[in-house]
Every structure is written in structure tokens, then in C-alpha cells.
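1. Quick one, structure for this:
(one chain, ligands or ions: 1)
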Amino acid sequence: MSGNWTFDDAAVYAAAEYGTKRIIGPIDGSFEQGRITLLVGANGAGKSTLLEMMAGLRPLHSGSVALGSSSLWQKGKRRKMRLDRNVLLHTGISLQHSESQWFAPKVSDEFRFSLKPYKLPEAEQEDRMRKAMEATGLPPQLTENDPWTLSGGQQRRLSLACLIACQPQWLLLDEPTSGLDTAGISQLLDVLQAHREAGGGAVISTHDLDVLLPIADEVAVMEDGLLLQAVPAAEWAAVHASDYAAPQALRVLKELRHARFELSQPDTALWPSLSELAGAIASQLAATGHGELREPKLMQKQQTAQGADAGRERQARSVDYDVESPHQSQEADKVNISPQIGAGGLASRFDPRALILSYVLLAAAVLMQGTWPGIGVAVVLTGIALFPLRAQIRPWIKVIRAYSIMIAAIAFIAGIQLKPLGFEWTNAQFTLLRFSGLLVVMLLGLPMLAMVTPLRVQRAIEQTFGWLGRFKVPVSSVALTVTLIFRFIPLLGSEWQRFAAIAHARGKATTQAGSLPVSMLFPVVIPYIRSLLRLAEQLADALEARGIGNPNGKPTRGFKLRFAARDALLMLAALLSASLLFYLNAVL
Ligand SMILES: Nc1ncnc2c1ncn2[C@@H]1O[C@H](COP(=O)(O)OP(=O)(O)OP(=O)(O)O)[C@@H](O)[C@H]1O
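-> Numbering: from 1, shown residues only. Model (predicted):
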């Protein structure tokens, strides 16, 4: 398979507090095979998301993406969208934090993990591993090492090595120079040039133009989630030579020319490397004597030159990058925005003590229900309470579905009678009732994860029980533990998603990015747990550094919780609901 990437109105959306929001798109255009395209733009412009979309890690909200004549997303069985395996096999992505992605106990196994989807003979795998390690400057003796024990830069190199061992037609690299030393950078450039010479293409998101612009063919700018038309690198450099983001050598060269410092054009390109520039300056000074470049003159010229440049650039930009403003597409975005209340907003509105007490009261009342009408009323009350928070429930739909199936299976097993063989509905019903109550309690608790922030819980504990400190009760330590647990719960999900995305990309899974095939679960679990342990350690260090958990230190406190009228109303509503449930339990 070979060909260009083409985008037709492609857009990626993500869940947001108020429904969904546009992350990138609509994107039209193409990336050409055999060329290196740099993706530049401000932080948050959408570069990483675009690369992830091309690798199938972000489902398309609308439009289409194709490599050559193959669409990235195809309709599979039961009309479910699946990724085209062939496209994935010809595409290799290195995510922004491509280090810390390891699944295997040894470096060599990491290569095997990446090469598995290609089903190559063992000898071919060995050969590719050796060549990739050589190309990225990794010593062969590292093959038996644990990847986690490599230095940050070595892990970066390993990530690139695993990628090029697969010999994909396209390389999608997110900030590939970060963390690399000078030797690593020059090896990266060699790898990219060899890849292009072999007919491959690359799209590289970067802020490091000093290093990458000299080898680029094109530059494509991302702005507010939109992809502006790619322009030849030379053209981009001519327009942006004075930008703060332009390579230093280019900026210096331009300033010197404005200062009328005659400098012969270095042979290589429009943008010399810093060493080429230094060489050219040195030879010019040697030829003309040292009196040509006088600082006051240079300063004066610079200022006038900058004014003129700014005008020229504005003009050039308006010609080159005349695209639809992101604001124009806001009308379309509104269609997806439903009036749901964001838990983020509510979190700062309610006192965590009111939330927790209300939850405990309702949970107790729900768990007491021993009849179906009682559970039914609990479901209705829960539905009313959760309706404004449905955006927070949506990411959990799959878990809820899986739990419901599990309940049905357990109830069925509970109903099976062996002697004589039959089915006892009363037993099944009792189990179903108990587990349904638990499901309702779980549903009630889900938005709490977002509504009760760890810092507010910690403040609640300290404010409510701080007086116990006088009796040597370790309130701060308890607060630290609870804060850690609360901070950790959302991390469990986000860290899992990160590992699942990496496994998905490296394993060339064709399912939607959120759902990892069962065969890939095992390799992900161990590194996931290891990563969580590391995160827990970092979190504890960070909290302790702020004085939390130290009974003698003064923790940093930014706010004080106040019990307001709305908290009282919340508790009143919970009390009335719980009373109704208690009453039903008594009379039914
Ligand atoms: N799953 C998500 N949910 C909500 N917002 C998201 C999600 N993914 C990305 N975003 C937002 O989309 C925007 C684009 O993010 P992206 O990482 O693609 O930017 P970037 O151009 O790569 O930035 P940088 O140069 O800092 O790496 C950011 O504002 C980010 O917060």
C-alpha cells in the first residue's frame, strides 16, 4: 500500500462539561508520500490530536480520512466502525510521551511486541531489531535490559527504534526531538532522511524548528484545531524568518542581512545550521577585517527592519493562509452542545461535607430496599438526581453495561438448582434485587468522582476534624491518605486510557480506540500497575512537599469551605428522598 493521506471535513470531538466540544476540524487537505511535513502551531492547537486521529486513536466525529485509496475507518460486522488493518500496518505513531510506554520486561521483547502484528519470521525480527538499534544509537548490550531502567533519552531512542523496526510507510512523530542529546538528534535526522529516500512519508509535530526545518519539505500550520494549507518549507521560512519560533540561525541570518552585513549564502539551504552560519560570519569577518559590523548600527537597522517585516508578514499570511476562521464553525459546534450541568462547576458550588452526607444517607436508604417497587422508586429518584449530570455518566456507560450483564449472569447462576435440576426464581430474584441496589448506589456515586475534588475533601476533613489534632489524632495524615485515594481514582482511568492507546497503536488493533481487544489486555495490565505505583509515589511526594500530612508543618491552604444555603437544600432533598425510601421499605 502506498499513497497520500487525504482529509475530507474530518473532525474530532471530545466529551466536555457541557456535552461535547470540537478538538480539531473540519480538516481538509493532504500529506504527500515521500515528503517530510512539519506540523507547527501554538500549544493546544491540535497537532497531537491530528496525529492521533491519523493513527486511528481518535474516532472521527464526522468526515473521512484515507491513506491512498483506503479509508481509515471501515464499516465492520453489525455496522460497527473498525479501523483498516492495512492502513494501520503502514502507519507508525510515536506519541508525545513515547517513553514510559513499555509493556515487556526486556528491550528485545519490546521489539517483539511492536513487530507481532507483522507476523515476521524470528530471524527477520532479530535483523530488524539489530538495525533499528544501530540506527538510533542504542548499544546492542541493552537488549536484555528492562526498558524502564533506561535513561529518558535512551527510552526515546527505543521508542523510535521500535517504530522504524516495523518499517511503516508513514511515520507520525509527536515532538520526536524532546529529551534527545545532540547525537540522538543527528541520528533521528539520518533516520528521517533515509526513510524519505526509501519513499516513505512523515508528519512531525514539533516546536523544534532549529533541528527539523532544515530537513523538512513542507510546513503545515495548525491553528485552533484547523489545518492551514501546507506550504513548501522554503516559502514558510521566507515568511516567518523573524518569528520567535523560526530557527535561530534563520533569524540571525535575516538580522545580519538587514544590518547590511554581507554574507554569502551558505551552500546547503535557505536556513543554515548554526555552525554553518558561524562559519560564514567568521570567513566574512576575516575577509573584510573586523570593523564592518558595528553594534549601534545593527540595533538601529534591526528596529526599522522589524517594523517592515511585521507588515510584510501580515500581508504574506493573509494571502497564504486564508482559511475559514474557527469561529465560523462554532454554529456547527452548537448542535452538539446540550444544556447539561458540568460537574466541574458543581464541584465548587457544593460543600463536600453536604455531598458526602447526602450520598451516605441515600446509599443507605437504597441498600435497605428489599422489594422491586422500592428499587423502582430508587431508580427514578437516582435518574432525577443524575439527569443534569449525564455528561459525567456517559464515559462509564460501558462499565455500567458490563456490570449489568454480570448481575444477570450471577442471578442466573444463583437460581440454578441441582437436585432436582431446575431453576429457582426466588433465589435468582433475591440476588438480582441486592445487586440492582448496589448498581443504583454505584450510579449515584459516579458523578461524585468529579464533584468532590481531592483538595476540597482534604479541606473538609481538616476543617471538620482539625480540633482532634489537640488530642494527638493524626488528622493531617488521614487527610493526606484520603486526598491520595481521591486523587488516584480519576488517575486510574486516565492512565489506563494512555496505556490502552499505546497498546492499540503498537498492536495495530482495529477496534475503536476506547475498546482494547481481550488479547491485548494482559500485556497492558502489569505496566499499568507499575505506572500507577510510580504515580502514587510522585503524588505523595508532591503533597508532602506542600506540607500536607506533616503535623508540624503548615500546609498551603488556598481557600476555606463554607456551608451555604444550597448545601442545606441539597441535604434536605437527600433527607426527603431517603425518608420516602425508608417509608416504602417499611410498608411494602
Ligand atoms: N480528550 C480530550 N478532552 C478534552 N479536551 C481535549 C482532549 N484531547 C485534547 N483536548 C484539548 O484539545 C486541544 C488540542 O490538544 P493537542 O494535544 O492536540 O494540542 P497540541 O497542538 O499537540 O499542543 P502542544 O503543542 O502543547 O503539544 C487542547 O486544548 C486539549 O486540552
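
2. domain parsing for the protein?
-> As given by automatic domain parsing, the domain ranges for the chain are 33-59+84-236, 243-319, 346-587.

3. Could you say which helix or strand holds Ala11?
-> If you go by DSSP states H and E, Ala11 is part of strand 5-16.

4. I'd like to check the angle between the very next helix or strand once past that strand and strand 5-16, please.
-> With elements assigned by DSSP H and E, the helix or strand that comes after strand 5-16 is strand 19-31. Relative orientation of strand 19-31 and strand 5-16, computed by axes from the mean of the first three to the mean of the last three Cα atoms, to 10 degrees: 170 degrees.

5. Show me what strand 19-31 is packed against.
-> On a contact count with 3 or more Cβ pairs under 8 Å, 6 or more residues apart in numbering; DSSP states H and E, strand 19-31 meets strand 5-16, helix 47-54, strand 62-67, strand 218-223, strand 226-227. Where C-beta positions appear, they are placed from N, C-alpha and C, glycine not excepted.

6. what pairs with that strand, and is each one parallel or antiparallel?
-> Within its sheet, and counting by DSSP bridges, strand 19-31 is paired with strand 5-16 (antiparallel).

7. Spell out which residues of the stretch 151-300 of the chain are next to the ligand.
-> The stretch 151-300 of the chain comes close to the ligand at residues Ser205, as judged by Cβ under 6 Å from any ligand atom.

8. buried sites along the helix ranked longest in the chain?
-> Of all the segments of type helix in the chain, defined by DSSP state H, the longest one is helix 475-507. Residues 475-476, 478-480, 483-484, 486-487, 495-496, 498-507 are the ones in helix 475-507 that count as buried (16 or more other Cβ atoms under 10 Å).

9. Need the mean per-residue confidence for that helix.
-> Averaged across helix 475-507, pLDDT comes to 75.

10. from the chain's centre, how far out does it sit?
-> Averaging C-alpha positions (Cα atoms, centre = their mean, to the nearest Å) puts helix 475-507 14 Å from its chain's average.

11. Now do the contacts for Gly199.
-> Contacts for Gly199 (Cβ atoms under 8 Å, 6 or more residues apart in numbering) come out as 2, 33-34, 169.

12. make it 6 Å
-> Neighbour list for Gly199: Gly34 [criterion: Cβ atoms under 6 Å, 6 or more residues apart in numbering].

13. neighbours of Ala183, just the number please.
-> 11 (other Cβ atoms under 10 Å).

14. tell me the phi and psi of it?
-> The phi/psi pair for Ala183 (degrees, to the nearest 10) reads phi -60, psi -40.

15. now the nearest residue to it once chain neighbours are set aside: how far from Leu188?
-> Nearest in space to Ala183, with sequence neighbours left out and distances taken as Cβ to Cβ, 6 or more residues apart in numbering, is Gly137 at 6.0 Å. The gap separating Gly137 from Leu188 is 9 Å, by Cβ to Cβ, to the nearest Å.

16. C-terminal to the longest helix of the chain, which secondary structure element comes first?
-> Downstream of helix 475-507, the next assigned helix or strand under DSSP H and E is helix 521-545.

17. What are the contacting residues of the next helix-or-strand element following that next one?
-> Counting by DSSP H and E, the next helix or strand C-terminal to helix 521-545 is helix 565-587. Outside helix 565-587, the residues that touch it by Cβ under 6 Å, 6+ apart are 350-351, 354, 358, 361-362, 365, 368-369, 374, 377, 381.

18. Over helix 565-587, what's the mean pLDDT, rounded is fine.
-> 89.

19. mind listing what's buried in it?
-> Judged by neighbour count (16+ other Cβ under 10 Å), helix 565-587 contains these buried residues: 567, 570-571, 574, 577-578, 581-582, 584-585.

20. Format the CA atom coordinates belonging to that helix as PDB.
-> Listed next in PDB are the C-alpha coordinates belonging to helix 565-587 (Å, rounded to 0.1, in the frame of the first residue of the first chain):
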ATOM      1  CA  ALA A 565     -27.900  27.600  51.800                       C
ATOM      2  CA  ARG A 566     -27.600  25.400  48.700                       C
ATOM      3  CA  ASP A 567     -25.800  22.800  50.700                       C
ATOM      4  CA  ALA A 568     -28.700  22.800  53.200                       C
ATOM      5  CA  LEU A 569     -31.100  22.400  50.300                       C
ATOM      6  CA  LEU A 570     -29.100  19.500  48.900                       C
ATOM      7  CA  MET A 571     -29.200  17.700  52.200                       C
ATOM      8  CA  LEU A 572     -32.900  18.400  52.600                       C
ATOM      9  CA  ALA A 573     -33.600  16.900  49.200                       C
ATOM     10  CA  ALA A 574     -31.500  13.900  50.100                       C
ATOM     11  CA  LEU A 575     -33.300  13.600  53.500                       C
ATOM     12  CA  LEU A 576     -36.700  13.700  51.900                       C
ATOM     13  CA  SER A 577     -35.800  11.100  49.300                       C
ATOM     14  CA  ALA A 578     -34.200   8.800  51.900                       C
ATOM     15  CA  SER A 579     -37.300   9.200  54.100                       C
ATOM     16  CA  LEU A 580     -39.500   8.200  51.200                       C
ATOM     17  CA  LEU A 581     -37.400   5.100  50.600                       C
ATOM     18  CA  PHE A 582     -37.300   4.200  54.300                       C
ATOM     19  CA  TYR A 583     -41.100   4.600  54.400                       C
ATOM     20  CA  LEU A 584     -41.500   2.300  51.300                       C
ATOM     21  CA  ASN A 585     -39.300  -0.200  52.900                       C
ATOM     22  CA  ALA A 586     -41.400  -0.300  56.000                       C
ATOM     23  CA  VAL A 587     -44.800  -0.500  54.300                       C
END
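
21. Helix or strand: which one has Arg128?
-> Assessed by DSSP H and E, Arg128 sits inside helix 122-135.

22. Distance from that helix to the middle of the chain?
-> In terms of Cα atoms, centre = their mean, the centre of helix 122-135 is set 30 Å apart from its chain centre.

23. And for stretch 75-90?
-> On Cα atoms, centre = their mean, the centre of stretch 75-90 falls 22 Å from that of its chain.

24. buried residues in it?
-> Applying a neighbour-count criterion of 16+ other Cβ under 10 Å, one finds 83-84, 87-90 buried in stretch 75-90.

25. Doesn't Val239 belong to a helix?
-> Yes. Assessed by DSSP: H, G, I helix; E, B strand; the rest coil, Val239 belongs to a helix.

26. Next, count neighbours for Lys119.
-> Residues contacting Lys119 under the criterion other Cβ under 10 Å number 7.

27. Quick check: phi and psi on it?
-> Dihedral pair for Lys119: phi 50, psi 50, per degrees, to the nearest 10.

28. Around the ligand, which positions in this protein sit nearby?
-> Residues of the chain found near the ligand (Cβ under 6 Å from any ligand atom) are 14, 23, 41, 43-49, 96, 205.

29. any chance of these in JSON lines, with neighbour count and distance to Ser531 too?
-> Below are the residues of the chain next to the ligand laid out as JSON lines (neighbours: other Cβ atoms under 10 Å; distance: Cβ to Cβ, whole Å):
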{"residue": "Ala14", "neighbour count": "12", "distance to Ser531": "23"}
{"residue": "Ile23", "neighbour count": "20", "distance to Ser531": "25"}
{"residue": "Gly41", "neighbour count": "21", "distance to Ser531": "29"}
{"residue": "Asn43", "neighbour count": "6", "distance to Ser531": "24"}
{"residue": "Gly44", "neighbour count": "12", "distance to Ser531": "25"}
{"residue": "Ala45", "neighbour count": "20", "distance to Ser531": "28"}
{"residue": "Gly46", "neighbour count": "25", "distance to Ser531": "26"}
{"residue": "Lys47", "neighbour count": "28", "distance to Ser531": "24"}
{"residue": "Ser48", "neighbour count": "21", "distance to Ser531": "19"}
{"residue": "Thr49", "neighbour count": "20", "distance to Ser531": "22"}
{"residue": "Gln96", "neighbour count": "14", "distance to Ser531": "16"}
{"residue": "Ser205", "neighbour count": "24", "distance to Ser531": "23"}
